[in-house]
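Participant: requesting a structural model of the entry that follows:
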Amino acid sequence: MLWNSKNGAVVQRLICAIFFILFSVLYLQNYQDSILAVTQHVLSHGATHYNSIVGTVLITLVLQLVQVGVCAGTRLHGQFHALTYFPSLLLLAMLTDVSPHMDIEGYLGRWLWLLPLLIVVFVVAVWVCRQFDFLEQVPNSRCSPLQTLWLNMLLMLVMTSATSAVGCSDKVFHMRMRMESHLLAGRFAAATGVGVKEAATDSSLTMLRIWALSEQHALGERLFEYPLTGRSDAMLPNGGSVKLMMVPESRLYRHLGVVFRQKLRPATYLAKLHEKRWATPAAHDWLLCACLLDKRLDDFVRLLPRYYKVNASLPKHYREALTLYTHLHAHPYIVYHEAVMDADYDDYTELEARYAHSPERYAALRDSYGKTYWFYYDYLARRDS
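Facilitator: Residues are numbered from 1 along each chain as shown. Model prediction:
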């Protein structure tokens, strides 16, 4: 038989090593890269920055060396060889088990007591497995090389699945950190593409999207194509529900104008910024969108002519807001009509009237008009009221 016991042991160790390296690289590079970036940023207080490629290679190399040391110490070369990867995967799980509130709660948390406990469990498991290895030396009790390989693959699959389950899996937090990484590097187009098809959001993600779109000069054109929450209060950091974890706040305020010593709500800050004539051109759209987010159409209509000519070249959401305003007021301050936009709004109201039950109406309008200001005004903004 070509695949004897000795050859089988070498093959299974090689396959386990390849399995671990592939998992580690894919897990770190494609899934947890932004989480490791914020971890390094917070722990170093912004002094160092995480490089995804270098970090992935170094972490994988160190963890593989840990496995080599564990293997030499435990001498688990048979049917339980995969257990020598347990400490490495445990460290990988601990490294990526990051809370969205780590800047407040700290990093290690439960691992201060969980890590020593799991190490004790591992030592006991190694002792038990060593007894099975001794039994393998008894004639007619040894597993075939193929059986041993499958057992090790099963153990690797269970341990890597547990590592993935323990690591940070908060979808919104992942999107936020990915966006912050792009914003930090000036990749604004890439930032606007993060989570574009996801419905989940929070106030911090809303702020990041507003900023990224503003840098692309697309705030009035695309803002309401995204899921939003928090109204205008989500436009600027407040140190709690709306915050930046990697990008300096000073960079955001420099984009808008200046930062005031007194902490103001975003709508108040933007109004005062314009009152003092310190607003940048980008801040004009922030002020207009603050009105739209708060459903203050009257304020929006009075401010709009200061910064834009009211015609068909207006950004899409501004035209939608003007169309809605014109239909809601008997004597509007500005009368705005555009054939295509008026026809779309008529179709919107007809579809809305077609359904008697709210869930059906909501689903139908979301599918056809979910990326319009009309849908936000009538349905999404209510959730933040």
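Participant: in the stretch 251-385 of the chain, which spans are helices?
Facilitator: Here the stretch 251-385 of the chain has its helices, by DSSP state H, counting those that start in this stretch, at 266-275, 281-293, 297-307, 316-328, 339-354, 358-369, 373-375.
Participant: restricting to C-alpha, output the third one in CSV.
Facilitator: Yep, that's helix 297-307 we're talking about. Extracted C-alpha coordinates of helix 297-307, given in CSV (Å, rounded to 0.1, in the frame of the first residue of the first chain):
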residue,chain,number,x,y,z
LEU,A,297,-39.9,71.3,3.5
ASP,A,298,-40.8,75.0,4.1
ASP,A,299,-37.2,75.7,5.3
PHE,A,300,-35.8,73.7,2.4
VAL,A,301,-37.7,75.7,-0.2
ARG,A,302,-36.7,79.1,1.3
LEU,A,303,-33.0,78.1,1.5
LEU,A,304,-32.7,76.4,-1.9
PRO,A,305,-32.7,79.5,-4.2
ARG,A,306,-29.7,80.8,-2.2
TYR,A,307,-27.5,78.0,-3.5
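Participant: as TSV, the helices of the stretch 251-385 of the chain with distance to residue 252 and mean neighbour count would be great.
Facilitator: In short, each C-beta sits where N, CA and C put it, glycine included. Below are the helices of the stretch 251-385 of the chain laid out as TSV (distance: least, CB to CB, whole Å; neighbours: other CB atoms under 10 Å):
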stretch	distance to residue 252	mean neighbour count
helix 266-275	11	19
helix 281-293	10	22
helix 297-307	20	17
helix 316-328	21	21
helix 339-354	32	13
helix 358-369	31	14
helix 373-375	24	23
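Participant: what's the closest of those helices to residue 54?
Facilitator: Among the helices of the stretch 251-385 of the chain, the nearest to residue 54 by CB to CB is helix 281-293 (34.2 Å).
Participant: mean confidence for the closest one?
Facilitator: For helix 281-293, mean pLDDT is 98.
Participant: wait, residue 332 sits on residue 326?
Facilitator: Yes - Residue 332 is in contact with residue 326 according to CB atoms under 8 Å; the separation is 5.2 Å.
Participant: any regions of the protein where pLDDT drops low?
Facilitator: Applying pLDDT under 70 to the chain picks out residues 1-8, 132-145, 382-385.
Participant: repeat that for 90
Facilitator: Applying pLDDT under 90 to the chain picks out residues 1-13, 42-49, 72-81, 99-110, 125-152, 239-240, 261-263, 330, 355-358, 380-385.
Participant: quick check: longest helix of it.
Facilitator: Criterion DSSP state H: the longest helix present in the chain is helix 111-135.
Participant: elements contacting that one?
Facilitator: Applying 3 or more CB pairs under 8 Å, 6 or more residues apart in numbering; DSSP states H and E, we find helix 111-135 packed against helix 86-96.
Participant: now the angle from the helix it packs on to helix 111-135?
Facilitator: 160 degrees (axes from the mean of the first three to the mean of the last three CA atoms, to 10 degrees).
Participant: and the host helix or strand of residue 222, how far from the chain's centre?
Facilitator: Secondary structure assignment for residue 222, by DSSP states H and E: helix 219-222. Chain-centre distance of helix 219-222: 22 Å, with CA atoms, centre = their mean, to the nearest Å.
Participant: and it, what does it pack onto?
Facilitator: With contacts defined as 3+ CB pairs under 8 Å, 6+ apart, helix 219-222 has these neighbours: helix 203-215, helix 281-293, helix 316-328.
Participant: can you rerun that using 6 Å?
Facilitator: helix 281-293, helix 316-328 (3 or more CB pairs under 6 Å, 6 or more residues apart in numbering; DSSP states H and E).
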